Each structure stands twice: as C-alpha cells, then as structure tokens.
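Colleague: make a model of this:
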Amino acid sequence: MFISNAYAATAAAASPMDLIENFLPLVVIFFLFWFMIIRPQMKRAKEQGKMIDALQKGDEVITSGGQVGKVVKVGEQFVSLEIADGVVTNVQKSTVQTMLPKGTIKSI
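Modeller: Coordinates of the predicted model:
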C-alpha cells in the first residue's frame, strides 16, 4: 500500500580500472613494507652471518648478553671467550653481536 516494491539493480560489470583502483593501495603498502622492514632486516642478517663466519682467534667481540671478551677458540657452533685473565666461557656463535677493533678491551 504505502511502500512500493524495491527491485534489485542490475550489476554493473567491473572494469579493469576499478580493479586497479581497488588493489593499488594494497600493492603500495606491500612495497613500502618490503623496502622499509623486510629488506633492511635481510641485509642486517646477511652482514651478521658474514661477521660470524669471519671470526678467528684473537678477535675482540661483544655477545648479545653483553659479555666483552677475546676469542680464544672457534668451533663449528661455539666460541670460547676469555672475559678476564684465565677466565674462559663458551658461547654460541650466534650470540656474537659485534666485533670490536683490536685493543678495545685494554682501554675499557
């Protein structure tokens, strides 16, 4: 009576331009995420791996736990660090965070 019948409108075909407009923000966000987060992290991990592979006896390092020491022995998975005269600890290679310039420990 008072309300007229409502009929569904015909569906308009999605043009290729509509699809581009809908997905463009997602593509832009992905590229921003890649270049600002993922790529720098991969670069840092690669540099860390090279540094760990280059460890040798006599290097001075800092571990992720904050220990400062001189490398006494390098194994496949572990490194022996001399943290004081006659005090040697074993740590995993992956915990070595930074390689210090020679002579840094004496200046501390």
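Colleague: just the C-alphas of the longest helix seen in the chain, formatted as CSV.
Modeller: The helix that spans the most residues within the chain, counting by DSSP state H, is helix 16-33. Output of helix 16-33 as CSV, limited to C-alpha atoms (Å, rounded to 0.1, in the frame of the first residue of the first chain):
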residue,chain,number,x,y,z
PRO,A,16,39.8,-3.3,-15.3
MET,A,17,40.3,0.3,-14.0
ASP,A,18,38.1,-0.4,-11.0
LEU,A,19,40.2,-3.5,-10.1
ILE,A,20,43.4,-1.5,-10.3
GLU,A,21,42.0,1.2,-8.1
ASN,A,22,40.9,-1.3,-5.5
PHE,A,23,44.2,-3.2,-5.4
LEU,A,24,46.6,-0.3,-5.8
PRO,A,25,46.7,0.6,-2.1
LEU,A,26,47.5,-3.0,-1.2
VAL,A,27,50.3,-3.1,-3.7
VAL,A,28,51.7,0.2,-2.4
ILE,A,29,51.6,-1.0,1.2
PHE,A,30,53.3,-4.2,0.3
PHE,A,31,56.2,-2.4,-1.4
LEU,A,32,56.6,0.0,1.5
PHE,A,33,56.6,-2.9,3.9
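Colleague: list the contacts of stretch 93-108.
Modeller: Applying Cβ atoms under 8 Å, 6 or more residues apart in numbering, the external contacts of stretch 93-108 come out as 51-52, 54-55, 58-65, 68-70, 74, 77-79. For the C-beta atoms, the positions are set from N, CA and C on the backbone; glycine is no exception.
Colleague: just the buried positions in that stretch, please.
Modeller: For stretch 93-108, the buried set under the neighbour-count rule, 16 or more other Cβ atoms under 10 Å, comprises T95, V96, M99, L100.
Colleague: tell me which residue lies nearest the centroid of this structure.
Modeller: Nearest to the centroid of the C-alpha atoms of the chain, with distances taken as Cα atoms, centre = their mean, sits Q41, at 3.3 Å.
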